[in-house]
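Peer 1: let's see this in three dimensions:
(2 chains)
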Amino acid sequence: MRALLVVLVAFGGWEAYVGLGGVDELLLPAPSAIAAALVEDRGLLWSNFTVTALEIGLGIAAALLLGLAGAVAIHLSRPVRRTLYPLLVTSQTIPIPVIAPLLVVWFGYDLTPKIAIVALVCFFPVVVPTLDALDRSDNQRRKLMRSFGASRWQTLRFVDAPAALPGLVTGAKLSLAFGGIAAILAEWAGSESGLGHLVLQALPQFETARAYAAVLILAVFSVTLFGVLTLAERRLLPWAKIAG
Amino acid sequence: MQTQTPAPSAAPRIDVDAVRLDAVCKSFAPARRRAPAVTALQDLTLRVGEGEIVAVVGPSGCGKTTLLELICGLTTADAGTIDAQDAVLMAQRDLLLPWADAVDNAALALRVAGLQRSAARRRAAALLVDFGLGGFEAARPHELSGGMRQRVAFARTLLAGRPVLCLDEPFASLDALTRLQMQDWLAGALSADPRTVVLVTHDVEEAIVLADRVAVLSPRPGRVVATLEVDVPRPRNRMAPELVALRGRALRELAA
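Peer 2: From the prediction side, this is the model:
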């Protein structure tokens, strides 16, 4: 609620700033102009939004699956940890615009390269907290499982994997923050639709308000999913807040 | 490793060794480079007969936990021989899984042994009712009191189905009053389902109230410096003069 109040006050100040001629409207449209664009271009915005939402959704889903698999592999195998973990950090330092054209050449202009980029960007933020949670899973509990004669797989299944679940949720939350930007950048590298594509077309046409409307939609989308995840976490993993 | 050994239902034969350690030595690599290695146990010899409850008391850091891990096969000795029936460890911390309810926690060893969840839960739930936890089956660990958590942990230990139980200061984290209650409760639970027990504790009274025999360990490196027979019938009254006298003897041995 308080966040909403802050947004309202900020929008008020922003409206006044633009209204009083503080800045060229082509650089920064007033909130009222953005609202008008939202209504006027709703069909255009919606059809492009569904494309981007699909890219983000599938990309994050892929990142969660691959990230979980990666974290488990690193957790279980010391050689994998030594080889893969440093490479993982390296992968995160590659600026997307550098490799985006390559992915376009490989996968074409459709969804696939965008999903790949979102997945690539979100892979690291999924692996790190998940792996941390796996590694922090209690050593004594593992000893207990050994005392029961448990195999490594059973220990993973009954003890380590559930303990890692909050880490995976944290990874999903971080992914939501990074995934939106990743999808926009991916679309800028070459696309025929999507909110990023829309922004790229709107700016040279001096449709700044439309570009801002697209960004606003993306922000609302991310915040909504973030809220859903937080609620789900509270409902499904209440123990995570109480004990490690 | 054997996955499930039925608990000995026939009368235990105390003349048969369930656990035997001969001249066992164990040291640990130093925590820091160039620090000396830590010798935890030196020439430790101990035997526990089938169905016998042996308490091991000693000062902090004398290798008591190491002793139990050796018996459970969780670590290996540097020297000496260890001969033990299948043993299961119950640690000082209850180590309950925070995401699982009381029944799933108690059923953990059964699941590891390969039982289906429903069958494992049925057996665990029945034991929890025996342990006075009826009505708390669906409770998560954080909703249970310290004593209740230890009872769930003990149910889980029993359901591992091993003939030997290694209890590592099971009540050390409880408040004094709950600890007394849990000691009496454990004595009752063990008379209902007798097992061979190695009970590690630093609480001399706990050792004497619960055990048939008390082995006193020296400060590190640990070895058995005295053995006291507690030839007192159960149920025991902790204020009985012979128990109080034994307690004094044990404390003198510890101080020696």
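
Peer 1: show me what the lowest-mean-pLDDT helix or strand in chain A is in contact with.
Peer 2: The helix or strand of chain A with the poorest confidence is helix A:239-242; it has a mean of 74 (mean pLDDT, DSSP states H and E). When contacts are defined by CB atoms under 8 Å, 6 or more residues apart in numbering or on different chains, helix A:239-242 is touched by residues A:Leu165, A:Pro166, A:Glu233, A:Arg234, B:Pro98, B:Trp99, B:Arg140, B:His142. Just so you know, the C-beta spots here come from the backbone N, C-alpha and C atoms, and that holds for glycine as well.

Peer 1: again, only using 6 Å
Peer 2: Helix A:239-242 is contacted from outside by A:Pro166, B:Pro98, B:Trp99, B:His142, using CB atoms under 6 Å, 6 or more residues apart in numbering or on different chains.

Peer 1: distance of the last one relative to B:Asp168?
Peer 2: Going back to what we said before, that points to B:His142. Relative to B:Asp168, B:His142 is positioned 22 Å away (CB to CB, to the nearest Å).

Peer 1: higher neighbour count, those two?
Peer 2: Here B:His142 and B:Asp168 are compared on neighbour count by other CB atoms under 10 Å in any protein chain shown; more neighbours surround B:Asp168, at 21 against 13.

Peer 1: make sure the more buried one is actually in contact with B:Val200.
Peer 2: Yes - shown here, B:Asp168 and B:Val200 form a contact pair, counting by CB atoms under 6 Å, at 5.0 Å.

Peer 1: what do the two both touch?
Peer 2: B:Leu68.

Peer 1: and A:Ala35, which of the three is it?
Peer 2: helix (DSSP: H, G, I helix; E, B strand; the rest coil).

Peer 1: list the contacts for B:Val204?
Peer 2: Neighbour list for B:Val204: B:Val57, B:Arg247, B:Ala250, B:Leu251 [criterion: CB under 6 Å, 6+ apart].

Peer 1: ok, and which of these reach chain A?
Peer 2: Counting by CB under 6 Å from any CB of the partner chain, nothing from the contacts of B:Val204 sits close to chain A.

Peer 1: just the buried subset of those, please.
Peer 2: Neighbour counting with 16 or more other CB atoms under 10 Å in any protein chain shown marks B:Val57, B:Arg247, B:Ala250 as buried within the contacts of B:Val204.

Peer 1: leaving out chain neighbours, which residue sits closest to the first one?
Peer 2: Once its chain neighbours are removed from consideration, B:Val57 has its nearest residue in B:Ala207; the separation is 4.9 Å (CB to CB, 6 or more residues apart in numbering or on different chains).

Peer 1: I'd guessed that neighbour sits against B:Val216; true?
Peer 2: No - using CB under 6 Å, B:Ala207 is not in contact with B:Val216; the gap is 8.9 Å.

Peer 1: more neighbours: which of these two?
Peer 2: The neighbour comparison of B:Ala207 against B:Val216 (other CB under 10 Å) goes to B:Ala207, with 27 against 24.

Peer 1: does the more buried one sit in a helix or strand, and which one?
Peer 2: helix B:204-210 (DSSP states H and E).

Peer 1: would you map the helices across chain B?
Peer 2: Applying DSSP state H to chain B gives helices spanning B:64-71, B:102-106, B:108-112, B:117-130, B:146-159, B:176-192, B:204-210, B:241-255.

Peer 1: give me the local confidence score for A:Leu20.
Peer 2: You'll see A:Leu20 listed with a pLDDT of 87.

Peer 1: so how far is A:Val9 from it?
Peer 2: Distance of A:Leu20 to A:Val9, given as CB to CB: 17 Å.

Peer 1: show me the contacts for B:Asp17.
Peer 2: Contacts of B:Asp17 by CB under 6 Å, 6+ apart are B:Arg47.

Peer 1: which strand residues bridge it?
Peer 2: Counting by DSSP bridges, B:Asp17 is bridged to B:Gly49.

Peer 1: where does the prediction get shaky in the chain?
Peer 2: Because you didn't say which chain, this covers chain A. Residues of chain A meeting the criterion pLDDT under 70: A:242-244.

Peer 1: right idea, wrong chain: chain B
Peer 2: Looking at chain B by pLDDT under 70, you get B:1-12.

Peer 1: need the residues of it near chain A, please.
Peer 2: Checking chain B against chain A by CB under 6 Å from any CB, the hits are B:1, B:3, B:72, B:74, B:88-89, B:91, B:95, B:98-99, B:109, B:112, B:142, B:160.

Peer 1: which pair in the residues you listed spans the largest distance?
Peer 2: B:Met1 and B:His142 (31.9 Å; CB to CB).

Peer 1: leaving out sequence neighbours, find the closest residue to A:Ile60.
Peer 2: Excluding its sequence neighbours, the residue lying closest to A:Ile60 (CB to CB, 6+ apart) is A:Ser175, at 4.6 Å.

Peer 1: pull out the buried positions in the host helix or strand of that neighbour.
Peer 2: Of the helices and strands defined by DSSP H and E, A:Ser175 is found in helix A:161-188. By neighbour count with 16+ other CB under 10 Å, helix A:161-188 contains the buried residues A:161-176, A:178-188.

Peer 1: show me the domain layout of chain B.
Peer 2: According to automatic domain parsing, chain B comprises the domains B:13-86+B:163-255, B:97-161.

Peer 1: just say which of these is most tucked in.
Peer 2: Counting by mean count of other CB atoms under 10 Å in any protein chain shown, domain B:97-161 has the highest mean neighbour count of the domains of chain B, with a mean of 20.

Peer 1: look up how far chain B lies from A:Gly13.
Peer 2: To chain B, A:Gly13 is 45 Å away according to CB to the nearest CB, to the nearest Å.

Peer 1: that's a strand at that residue, yeah?
Peer 2: No - checked against three-state DSSP, A:Gly13 lies outside a strand; its state is helix.
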